[in-house]
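Engineer: Need coordinates for the below:
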Amino acid sequence: MGERDKYAKLVELAKRRGFFWPSFEIYGGVSGFYDLGPLGTLLKENIKRLWLDYFVTKHSDMVVAIETPMITPEIVFKASGHLESFTDPIVSCNKCGRVFRADQLIEDALGIKVEGKTPEELTKIIKEKGVKCPVCGGELGEVRTFNLLFQTYIGPYSRDRGYLRPEAAQGMFLAFKRVHTVMRSKLPLGIGQIGRVARNEISPRQSMIRLREFTIMEVEFFFDPSEKYSPPFERFNSRLNILTAEDRLKGVEKPTTYDAEEAVKEGVVKNEWLAYWMVVSKEFVKELGVAEEETFFEEKLPDERAHYATQTFDQMVKVSRWGWVEVSGHAYRGDYDLSRHMKFSGQDLTVFKRFPEP
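Structural biologist: Sure, this is the predicted structure:
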């Protein structure tokens, strides 16, 4: 049986057995939205409980869970940089008017990776390589950016603009000072959250893998970078399969296996806590049924990283239909978010550090 046939049969089985099906089905459906049926809802709850166990309960000495709103005032995303940077490149067909995500269109047509390239660079590739509209064969226009935030209004006044959050992180950054106080001003401190998010994806595909609304599970971990920490690597098997940015630039496709602590010492991972949470994530995915050899961490190149990150690893998992897909992201954000929110709010989000001696 081909992978396409196997996938089609699994999707059909999921519908019949009550795991999931397209939302708004009687009206023809809308891409990027799915309902969870009775069994799908129970399966999701099992996954959420397991995630809480790994990331919160097993780390109750330093991680707590909170819940924050999905609707967020505009000022928050001005401060975080999402209004400016949370974008994807799009291109329109001059003939039929259809709109496509430009980087995916090029990758599908030419089989080359173009993630992180500017709209101007993508336009040049389209023109030079003769990439056409995949629907009607028409000429494509100039590549431009499209913001992925869903916009709404808070209350009856149009000036009170808000957005559906695309990640849970900002709520945790805004609550940091209060949670830090509640937890008796201790560092390191992890804040976890499970909640709904929304991203106005240009062309959702890959069924349940790429959605416009979904549940996300996140931890933001706060620590003093001037302190020397010893994360509890002994709690888990600390081997990590890593494909570094340097190896990617050399054309290497196979990841290298590192001990997590050695990866930090060798400078492969810039921070010990980043390496530790990568280990936890690997073990969590392993308990979900993914073998170690079927997952690795891919370091993002500088032009692929989000605007807030100094180092990022995507956890990749191999699936039979689409090959390697991202299931989690691990970013070393530094103090970017807290410092930006201090600047835009005028509030002090620093913490008091007590030294043994004055």
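Engineer: what residues go with each domain of this protein?
Structural biologist: Listed by automatic domain parsing, the domain ranges of the chain are 1-86+148-225, 88-145, 229-333.
Engineer: looking at these, which is closest to Pro356?
Structural biologist: Proximity to Pro356 (C-beta to C-beta) singles out domain 1-86+148-225 among the domains of the chain, at 14.2 Å. From N, CA and C alone the C-beta is placed, and that goes for glycine too.
Engineer: what sits against Leu149?
Structural biologist: 77, 82-83, 86, 163-164, 166, 199-200 (C-beta atoms under 8 Å, 6 or more residues apart in numbering).
Engineer: of all the domains of the chain, which lies closest to Ser345?
Structural biologist: domain 1-86+148-225 (7.3 Å).
Engineer: for the stretch 51-200 of the chain, what spans make up the helices?
Structural biologist: 74-80, 82-85, 102-110, 119-129, 169-174, 176-182 (DSSP state H, counting those that start in this stretch).
Engineer: which helices and strands sit right next to the last one?
Structural biologist: Which is helix 176-182. For helix 176-182, the packing partners by 3 or more C-beta pairs under 8 Å, 6 or more residues apart in numbering; DSSP states H and E come out as strand 189-198, strand 213-222.
Engineer: Specify the stretch among those strands that is closest to Tyr157.
Structural biologist: Here strand 189-198 is closest among these (C-beta to C-beta), at 22.1 Å.
Engineer: The closest one vs strand 213-222, what angle?
Structural biologist: Inter-element angle recorded for strand 189-198 and strand 213-222: 160 degrees (by axes from the mean of the first three to the mean of the last three C-alpha atoms, to 10 degrees).
Engineer: Direction included, what does strand 189-198 pair against?
Structural biologist: Looking at strand 189-198 with DSSP bridges, its partner strands are strand 63-65 (parallel), strand 213-222 (antiparallel).
Engineer: List the buried residues of the shortest one.
Structural biologist: This means strand 63-65. 63, 65 (16 or more other C-beta atoms under 10 Å).
Engineer: Equivalent analysis for the last one, please.
Structural biologist: By neighbour count, and taking 16+ other C-beta under 10 Å as the criterion, the buried residues in strand 213-222 are 213, 216-222.
Engineer: okay, the residues you listed in TSV with distance to Val319 and pLDDT next?
Structural biologist: TSV is the format used below for the buried residues of strand 213-222 (distance: C-beta to C-beta, whole Å; pLDDT from 0 to 100):
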residue	distance to Val319	pLDDT
Glu213	21	97
Ile216	19	98
Met217	19	98
Glu218	22	98
Val219	24	98
Glu220	28	98
Phe221	28	98
Phe222	34	97
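Engineer: and the residues you listed as a markdown table, adding distance to Glu262?
Structural biologist: Output for the buried residues of strand 213-222, formatted as a markdown table (distance: C-beta to C-beta, whole Å):
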| residue | distance to Glu262 |
| --- | --- |
| Glu213 | 40 |
| Ile216 | 31 |
| Met217 | 28 |
| Glu218 | 27 |
| Val219 | 24 |
| Glu220 | 26 |
| Phe221 | 21 |
| Phe222 | 25 |
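Engineer: which among the residues you listed gets closest to Ile112?
Structural biologist: Taking the buried residues of strand 213-222 together and measuring to Ile112 by C-beta to C-beta, the closest member is Ile216, at 29.9 Å.
Engineer: Of the helices of the stretch 51-200 of the chain, which stretch is the most buried?
Structural biologist: helix 169-174 (a mean of 22; mean count of other C-beta atoms under 10 Å).
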